[in-house]
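Enquirer: no sequence for this one, just the structure:
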């Protein structure tokens, strides 16, 4: 007997046409026959202003892959900390009030929150979940307030304490907390004011977009392979947390000694610094390609000999697995990691490549040299090992099936209470 479809509300401050993993989740739920509604804001990430194509024709963005998309106004992120705070608060207030009004008359079996920073998006979900008598699932992808402290956004202890109390309020009222890393469990427990039932804490990692599993050398690519040249690719946010000073030190250390080309794709707060430093140091072995759409990444990865993930060390980052790790593993290419904690464990446990300590430029130079001097057969074996590890632990089909079971089970328990 076929199972009945679910009515799911997804609450996310970020959504299509912004490039976010939540887009995949919504598309796959609707493909399975579920009725999905998305409550979100106006698309403005990462540029900081509402997308021009959305302003021209907002009606064109009212549905996505069969899901209804309900948007509430918000203050665009802008380029300053003040406008970013207004961006967070405006979504919180408008989604909790205007969003709840726009959803009047609708029934939901479950509410799902895509909780990248800021976790404030969970508050309107809890408000609406209470109104609709629906269980609320929060997919915790960042640790607050620790992440705010780690990246230097908030430093004042009292303000961090206030954010901590807000996080505690959210965790204690959420039905299920889905945690992207095993390293998150102890942290989350600390913010629960009473012992939390183990079934409410669920390990639920990220996956890679479908295209990364299907990339081939025949696809159009931003770069082409060059015989005798070992190509290392970094793709993603170019921020302070990625420790590019150490990456450039490693590139400089290998220049003239090993034929290595470092290809950096993306943008962020360190973009101008990188451009200036590459020119000042005359690093002709470093290629800065700027930002490109996610659709271009699988073809780029297929041309790489190794894929680089780097992150500064602190107690928060060590518990986190950057989303690019799953994409790298799925692509079947060897990994280089200048990173500590969970991500380093995954690289080493999978056999997909080499890792050194965060901030260790000499270590990065050494493992890059080792991988460059390895045979094609050895590197291919690492790539296959990473791909196998991905399929066993992060395959989207398995994760989506598990999520479906969790949503259905919670809905049935709530109905029978």
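Expert: Structure's in. What do you need? Everything quoted here is computed from the prediction, not taken from an experiment. Numbers count the residues shown, from 1 in each chain.

Enquirer: What score does the residue lying closest to residue 237 once chain neighbours are set aside have for pLDDT?
Expert: Of all residues beyond its chain neighbours, the one nearest residue 237 is residue 268 (4.6 Å), with distances taken as C-beta to C-beta, 6 or more residues apart in numbering. Backbone N, C-alpha and C define where each C-beta goes, glycine included. If you check residue 268, the pLDDT there is 84.

Enquirer: end-to-end on stretch 89-106?
Expert: For stretch 89-106, the first-to-last residue distance is 25 Å (C-alpha to C-alpha, to the nearest Å).

Enquirer: Show me what counts as buried in it.
Expert: 90, 91, 92, 93, 94, 95, 96, 98, 99, 100, 103 (16 or more other C-beta atoms under 10 Å).

Enquirer: and residue 202, helix, strand or coil?
Expert: strand (DSSP: H, G, I helix; E, B strand; the rest coil).

Enquirer: ok, the spatially closest residue to it that is not a sequence neighbour to residue 242 distance?
Expert: Closest residue to residue 202 apart from its sequence neighbours, by C-beta to C-beta, 6+ apart: residue 178 at 5.0 Å. Noted for residue 178: a distance of 26 Å to residue 242, by C-beta to C-beta, to the nearest Å.

Enquirer: do residue 75 as well
Expert: 27 Å.

Enquirer: Between these two, which is the more surrounded one?
Expert: Applying other C-beta atoms under 10 Å to residue 75 and residue 242 shows that residue 242 carries more neighbours, namely 25 against 19.

Enquirer: leaving aside the residues next to it on the chain, what's closest to that one?
Expert: residue 310 is the one closest to residue 242 (C-beta to C-beta, 6+ apart), at 5.3 Å.

Enquirer: same deal with residue 402?
Expert: Of all residues not flanking residue 402 in the chain, residue 204 sits nearest, at 7.4 Å (C-beta to C-beta, 6+ apart).

Enquirer: where does that neighbour fall, phi/psi-wise?
Expert: phi -140, psi 90 (degrees, to the nearest 10).

Enquirer: if we can go back for a sec, enumerate the beta-bridge partners assigned to the residue nearest to residue 242.
Expert: As for beta bridges, residue 310 partners with residue 338 under DSSP bridges.

Enquirer: and the residue nearest to residue 237, how many neighbours?
Expert: With other C-beta under 10 Å as criterion, residue 268 counts 18.

Enquirer: ok, it - contacts?
Expert: 237, 238, 239, 242 (C-beta atoms under 8 Å, 6 or more residues apart in numbering).

Enquirer: Would you reformat those residues as CSV and include secondary structure and pLDDT?
Expert: CSV is the format used below for those (DSSP: H, G, I helix; E, B strand; the rest coil; pLDDT from 0 to 100):
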residue, secondary structure, pLDDT
237, coil, 88
238, coil, 91
239, coil, 87
242, helix, 93
